[in-house]
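Participant: Everything below, folded, please.
(chains A and B)
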There are 2 protein chains.
Amino acid sequence: MKRFAILLCLIGVMFSCKGVDGVLSGETLSSPDGKLSMVFALSDAGEPMYSLSYDGKPVIRPSHLGYTLRGEFKGGHPQGGTSVKEYGTPRDLCKGFSLLDVARDSLDETWETVWGEESRIRNHYNELAVTLSHTDNILMVIRFRLYDDGLGLRYEFPLQKDLTYFTIKEEQTEFRLGGDYTAWWIPGDVYSEEYNYTECRVSEIPLRMKQATDYPDPRQFSPSGVQTSIQMRSDDGLYVNIHEAAVENYPGMHLDLDANTLTFRSWLNPDAEGWKGRLQAPCKSPWRTVMVTDDARKTLSSRLILNLNEPCALDDVSWIHPVKYMGVWWEMITGKSSWAYTWDYPAVELGVTDYSKATPNGVHGANNDNVKRYIDFASEHGFDGLLIEGWNEGWEDWYGYQKDAVFDFVTPYPDFDLPALNAYAHSKGIRLVMHHETSSSTINYERHIDEAFDLMKRYGYDAVKTGYVGNIIPYGEGHYSQPMVNHYNYVVRKAAKNHIMVNAHEAIRPTGLCRTWPNMIGNESAMGTEYRGDIRPAHVTVLPFTRLQGGPMDYTPGIFESDISRLNPASQHYMTTTLCKQLALYLTMYSPLQMAADLPEYYSEHLDAFRFIEDVAVDWEQSRYLLAEPGDVIVVARQVRKSTLETAAKGLAALPDGRKDYVNGATRFSAGPGDVWFVGGVTDENERTAEFPLDFLRSGASYEATVYRDAPDADGVAGIQPGGANPGKRYIIENKIVTSADSLSIRMARSGGFAISLKEKPVR
Amino acid sequence: MKRFAILLCLIGVMFSCKGVDGVLSGETLSSPDGKLSMVFALSDAGEPMYSLSYDGKPVIRPSHLGYTLRGEFKGGHPQGGTSVKEYGTPRDLCKGFSLLDVARDSLDETWETVWGEESRIRNHYNELAVTLSHTDNILMVIRFRLYDDGLGLRYEFPLQKDLTYFTIKEEQTEFRLGGDYTAWWIPGDVYSEEYNYTECRVSEIPLRMKQATDYPDPRQFSPSGVQTSIQMRSDDGLYVNIHEAAVENYPGMHLDLDANTLTFRSWLNPDAEGWKGRLQAPCKSPWRTVMVTDDARKTLSSRLILNLNEPCALDDVSWIHPVKYMGVWWEMITGKSSWAYTWDYPAVELGVTDYSKATPNGVHGANNDNVKRYIDFASEHGFDGLLIEGWNEGWEDWYGYQKDAVFDFVTPYPDFDLPALNAYAHSKGIRLVMHHETSSSTINYERHIDEAFDLMKRYGYDAVKTGYVGNIIPYGEGHYSQPMVNHYNYVVRKAAKNHIMVNAHEAIRPTGLCRTWPNMIGNESAMGTEYRGDIRPAHVTVLPFTRLQGGPMDYTPGIFESDISRLNPASQHYMTTTLCKQLALYLTMYSPLQMAADLPEYYSEHLDAFRFIEDVAVDWEQSRYLLAEPGDVIVVARQVRKSTLETAAKGLAALPDGRKDYVNGATRFSAGPGDVWFVGGVTDENERTAEFPLDFLRSGASYEATVYRDAPDADGVAGIQPGGANPGKRYIIENKIVTSADSLSIRMARSGGFAISLKEKPVR
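Facilitator: This next block holds a predicted model:
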């Protein structure tokens, strides 16, 4: 395969030299540290082009920018029907431009996060904005921001007479790569982001597509189409990532690859009529980002995507808080119990089916007794919240039928006493987390959302997990089209008004909007723990480079029982992970929302290891990536955020109104005057020894370290042994005193990991 | 043309004899009076078929019934994207049936209307329900109800194991006509119902299509497609009408014609993915209706459509009342003034454009002074309400752009003081009528509807005119698809909960749902007065046979100034109508919601004739169609409803809370102990003398009659004469005393008409 790839690469380079000039001459812009530089130029035909290089090495060769727009409706007369045609001449905003104005700017500011990997983020860039005039009398601005760790570019259409309302046929942004990079990518699906990553040369992507997806057309938009964020690495050690930031009122961007020229082209997710966005000037596109670093750890530390988003839109963020939670969830995912209440009927109908007369199926997870059991356990072990899925009527037919009114979001099953369970939970310091599965009928959800949020507020829920499983209603929309982007953002805004935090599953992957709307405390938008045995060991070493660049993921880690047949004898799933790798995910998969996904009974079998999940914080003062390589390994150290320590210092008694929430295991653990750090590391299918200094610790201080690591005979890949032994669950817990002068060397098993808590010893 | 048509007809009959048996043998059903009879039978191939005859004459020859269903998604796995494919085998529910059960029933009841052409309606039918078992293990019931004036048939799918959720590919209901009837029809547009009717033989429909519509594909679904209701007449004097009743959670039905066999086939309006309805058993289709009478007057008196709808769903209807209203509307329609407030900007944006800083365009209709002028006039002349369009921000770009958030329905323009104007109106006994133009973004409307209705209730609006101009958002939906039907019905239900009456424009034409939801006091859904000079003289002689069968129309009659260039010198429109025809429309176009559409200044020029509009009632105890022929003439007499008389008897002082509304000109006119009738008559482009007895009046009583009729030299078609004279506006008003023994003979000019008020003389 490799020889073939090199051949392709050569052809590509030859081909590209003919198509586009190798060097652009025009407006240049450098990053603050001078290492990244870019050029903007117009070709002789008035084509906007840009290129990007790092230390003189081409990262993006001269590439086109622009749009094609739909022809307008003639005379504004409405034309209708189910197959909308194009009238008039489409506008070609890929050429015919002249340069009207060049403006430069720069910024160096530091902003405070509401929650995050660090409390303060530096936003430091140089900016170039070119105003272009098109022969069709259209003004378009292209704004470039160059950071030390990457480029952001966006299109802007000022208020103007000859371009008011317009429809995108396609955005024509090119990324002509500097070489045949190694890429970690998922297929360009219009319906799902839930894939394992494929690692291969860019030129090999089309050849690997069949292996990469089970879902061909119509879900896969092109045989060479991929999703963003895509992480790449050049042969000379540059880490290049293409993504987007601040997707609002615009479709999500996929990329189509021309493997011959190693060129990615933007492919916007179409709406039900096939168009790629309906805009009104003045307006701005999302930022298109090319992150470039010479060290994978810098890529994980990059805040490029957040920085390109708008500042927080909320005046009051006091109601937003990180959440460590458990859930009546994994038992349904594994098939041990069911979301549905009854098997009595061939089909159920909301408001018609009388559940009080239905025979309970005996395996309904969200029943009062079971929920109380979870509340007791979660409370005892210092969690903030408990998610309960399957609490409301309708789950018997919840997806697969494009059924409009599956749920009303307010009617519990007969065995779920919503007021009583909330009261019980609150008495134990637990908040129930609401669940709104929409079955992708956004029309139905929007019709009920006010009532649904009212119910939440009445009973003291302050967080909701939303879900978008199945085909979208409105019919014909994909999951990432402009109307759906608008829906997801509508829900976040409406939730914010109601002081509700949102964790959206199956919505579009985030693009840093949580900076603006910090009540977006989570998203799924990638393959998570629910895929069980289908997840490859390297998956979690890639996600932080790709999916997590846009915002946190509700990955739902913490599975102690990797043999799913123990939960459900009919299941063949075995999770290729060690128990310690599951602990490490609380660090390596940053999120302010972290679940302990397994069942209380399995945690009870390993309460010594579970102690780490109790203790670990979910909000950080600073983070240090110690080792990182996509597809291989990630080790990160994180310092507990000062506010967590302050809460801990106040202690339970100091809280008003007898309120117990927010005083979770992490605050308990962190209580005291000293500094607290956690470290986590994960590896792929290869065993690996992580060596790293502890120089991030406070110099001169001593720390009590508890190390949770794979036992020497642990193995996350081997599976259940003859005789029934599970080498994934073998671990060692060690306590030691360390200082910033120490280094650690920790072996990780195949698909293994480790986790460390570090608490400064009080000086007496 | 006629010879060609006859040839086609012969071919059709020959062809049809080969295709389908001429006579069905099976289950028979007769109407209560025995004149209509139908047969249901299964063919040898298990095809459900029916036929219908009147007095032995075939009206519907043996015709197929059934469905084709989409193949299911295999294994219920969601497949997505913008081009949804069919998986599995489509189900053919057109054949393969066997007869499982036959049930018969009958009903003879009388129900009371909340408002209507009569206070009580008799619902009298014989019923046949056949339960069919399909080889695919599917149960389907076809229910037939035979009335003296027509047939209703519907499909029902009971709760069953092997058919739960299903998607309609097409409904396969046939109507094989008994002959080459003369038809009054409009083209099968998926976007608009606003057409003049074409009168021709059924066989000629394809040949006349080009003349009938300016909008070919994609709006016209087929070169031989028409909309329902379609009115027809056989050569031997039968009046046949095909329509539907009770369209809920189902697309609207058009008809596709096979001109060779004179067969109409159901064609359901597709959703954005091209499917024709997503159903869940148990469920029922709307009723398919074939109305048959031997007298056109009986067709207009038929209550078949209302009877086939469900009874009133509301416990309390006390808040529902007929409305006679004026509007700040016609001046915008004619171009005299504008909905928009400013011309400052190339485009406006809700919540961004600062109208307080905009330059008023000087022609904004909905300004405080102008609205007050209308309030004063409407109050003085005994109206209930005043509609004001263009009151809210956003009208500058209100349609044609598929703009999502055009309006928020709560933010007035700077020159519209909503609280003050409502207070002023209420002080004068006028209620303002709210206007919610959605620009067809149903998504946006539903997001704002709660807030919009809250505003209405806060300021005392109790009626809303909604509008759906332009292409629908969600993208790809037509105006009459199932999701849109569900939207329109959603709004009506939500309005009912808020005690709000609804008058929906550009929504699907009504199908009798106002029986169930009597807060649906109006719809447009046909070409109305707003088309000005484009309306042909015969139009209003057809509408009561077609559009009005399903429910009242907000036709907005009462235009006194037919020369539109007086309002707007740039306009070429001349309305081909006499002034008296405009008066007659208050009778011939039955609606509980009647507008006096013209401007106060033009009414002031003819206050003697305007007196009729002041006096005429809008709710009736009984109605008698005296003359009727589609495309030619309608004369109707209506008796004022007892409740109107009772309100009148109470008088103004008797009303609680100083409330003045509902005491309109009609109640004033009707006040007193006696009986009150109104008569109206309209003709087409031909002048015509209407002769009719007054035998509907109370025998022995004398009535003061005021006759408003075309002057001998009046002409509704001639247009403005050299010198400027307008023969459309020539009229005569006569007062006389009449009794039930009298007959009247009244000449109507070309496109003319007449109106009469009849008030019983008190006996002293």
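
Participant: and the residue in the stretch 101-250 of chain A that chain B sits nearest to, what pLDDT?
Facilitator: The minimum distance from the stretch 101-250 of chain A to chain B, using Cβ to the nearest Cβ, falls at residue A:191 (3.2 Å). (Glycine included, C-beta is placed from N, CA and C.) Confidence at residue A:191, expressed as pLDDT, is 91.

Participant: residue boundaries of the helices in the stretch 401-550 of chain A?
Facilitator: A:418-427, A:442-459, A:482-497, A:539-542 (DSSP state H, counting those that start in this stretch).

Participant: Quick one: residues contacting residue A:226.
Facilitator: Residues in contact with residue A:226, defined by Cβ atoms under 8 Å, 6 or more residues apart in numbering or on different chains, are A:183, A:185, A:186, A:187, A:188, A:205, A:254, A:255, A:257, A:264.

Participant: Kindly report the same for residue A:581.
Facilitator: A:540, A:682, A:683, A:710, A:716, A:748, A:751, A:752, A:753.

Participant: Once you drop chain neighbours, what's closest to residue A:415?
Facilitator: Leaving aside its chain neighbours, residue A:415 sits nearest to residue A:367 (4.2 Å; criterion: Cβ to Cβ, 6 or more residues apart in numbering or on different chains).

Participant: Could you do residue A:243 as well?
Facilitator: Residue A:243 sits nearest to residue A:229 (Cβ to Cβ, 6+ apart), 3.6 Å away.

Participant: That neighbour against residue A:549, yeah?
Facilitator: Yes. The criterion here is Cβ atoms under 8 Å, and residue A:229 meets it with residue A:549 at 5.1 Å.

Participant: between the two, what contacts are shared?
Facilitator: A:241, A:243.

Participant: more crowded one of these two?
Facilitator: residue A:549 (28 against 23; other Cβ atoms under 10 Å in any protein chain shown).

Participant: Residue A:149 versus the more buried one, what's the distance?
Facilitator: Residue A:549 is 11 Å from residue A:149, where distance means Cβ to Cβ, to the nearest Å.

Participant: shared neighbours, these two?
Facilitator: Shared contacts of residue A:549 and residue A:149 (Cβ under 8 Å, 6+ apart): A:291, A:302, A:304.

Participant: Residue A:200 pairs with what?
Facilitator: Legend: beta-bridge partners of residue A:200 under DSSP bridges are residue A:183.

Participant: what about it, neighbour count?
Facilitator: For residue A:200, the count of nearby residues is 17 (other Cβ under 10 Å).

Participant: Quick check: it touching residue A:182?
Facilitator: Yes. In this structure, residue A:200 is within contact of residue A:182 by Cβ under 8 Å, at 7.2 Å.

Participant: Now name the helix or strand holding whatever residue of the stretch 601-750 of chain A ends up closest to chain B.
Facilitator: Residue nearest to chain B within the stretch 601-750 of chain A: residue A:719 (27.3 Å; Cβ to the nearest Cβ). For residue A:719, there is no enclosing helix or strand under DSSP states H and E.

Participant: now swap in residue A:167 and tell me
Facilitator: Element membership for residue A:167 (DSSP H and E) is strand A:165-171.

Participant: touching chain B at all, that strand?
Facilitator: Yes. Using Cβ under 8 Å from any Cβ of the partner chain, we find that strand A:165-171 touches chain B at A:165, A:167.

Participant: who does that strand pair up with?
Facilitator: Here strand A:165-171 is paired, per DSSP bridges, with strand A:67-69 (antiparallel), strand A:278-280 (antiparallel).

Participant: in the stretch 651-764 of chain A, which spans are strands?
Facilitator: Counting by DSSP state E, counting those that start in this stretch, the stretch 651-764 of chain A has strands at residues A:676-683, A:688-693, A:703-710, A:731-738, A:743-748, A:753-760.

Participant: Does the last one pack against any helices or strands, and if so which?
Facilitator: For strand A:753-760, the helices and strands in contact under the criterion 3 or more Cβ pairs under 8 Å, 6 or more residues apart in numbering or on different chains; DSSP states H and E are helix A:579-588, helix A:607-615, helix A:665-670, strand A:676-683, strand A:703-710, strand A:743-748.

Participant: Now do the fourth one against strand A:743-748, angle only.
Facilitator: Between strand A:676-683 and strand A:743-748, the angle comes out at 40 degrees (axes from the mean of the first three to the mean of the last three Cα atoms, to 10 degrees).

Participant: Show me which positions of strand A:676-683 end up buried.
Facilitator: Within strand A:676-683, the residues scored as buried using 16 or more other Cβ atoms under 10 Å in any protein chain shown are A:676, A:677, A:678, A:679, A:680, A:681, A:682, A:683.

Participant: Same question for stretch A:722-733.
Facilitator: A:726, A:727, A:728, A:729, A:730, A:731.

Participant: Contact partners for the last one?
Facilitator: Contacts for residue A:731 (Cβ under 8 Å, 6+ apart) come out as A:578, A:579, A:580, A:606, A:609, A:708, A:709, A:710, A:711, A:714.

Participant: So the first one sits against residue A:709, correct?
Facilitator: Yep, that's residue A:578 we're talking about. No. Residue A:578 is beyond contact range of residue A:709, at 9.2 Å (criterion: Cβ under 8 Å).

Participant: Show me which of the two is the more surrounded one.
Facilitator: Per other Cβ under 10 Å, whichever of residue A:578 and residue A:709 has more neighbours is residue A:578, with 33 against 26.

Participant: For the more buried one, list the residues it contacts.
Facilitator: Residues near residue A:578 by Cβ under 8 Å, 6+ apart: A:710, A:714-716, A:728-731, A:748-749, A:751-753.

Participant: Quickly check those residues for the two that are furthest apart.
Facilitator: A:729 and A:748 (14.9 Å; Cβ to Cβ).

Participant: circling back to that earlier point, mean pLDDT and distance to residue B:487 for the strands paired with strand A:165-171 - can I get that in TSV?
Facilitator: Below are those laid out as TSV (pLDDT from 0 to 100; distance: least, Cβ to Cβ, whole Å):
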stretch	mean pLDDT	distance to residue B:487
strand A:67-69	97	29
strand A:278-280	96	20
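
Participant: Around chain B, pick out the residues from the stretch 351-500 of chain A.
Facilitator: A:397, A:399-404, A:443, A:446-447, A:450, A:469-479, A:481, A:483, A:486, A:490.

Participant: wait, the stretch 201-350 of chain A
Facilitator: Counting by Cβ under 8 Å from any Cβ, the stretch 201-350 of chain A comes close to chain B at A:215, A:217-219, A:270-275, A:278, A:280-281, A:345-347, A:349.

Participant: Which secondary structure state does residue A:375 sit in?
Facilitator: Following DSSP: H, G, I helix; E, B strand; the rest coil, we place residue A:375 in the helix state.

Participant: Run a quick neighbour tally on it.
Facilitator: 25.

Participant: distance of it from chain B?
Facilitator: 33 Å (Cβ to the nearest Cβ, to the nearest Å).

Participant: do residue A:503 as well
Facilitator: Counting by Cβ to the nearest Cβ - residue A:503 and chain B are separated by 21 Å.

Participant: The residue lying closest to that residue once chain neighbours are set aside - how many residues pack around it?
Facilitator: With sequence-adjacent residues excluded and distances taken as Cβ to Cβ, 6+ apart, residue A:503 is closest to residue A:522, at 3.5 Å. Residues lying near residue A:522 (other Cβ under 10 Å) number 26.
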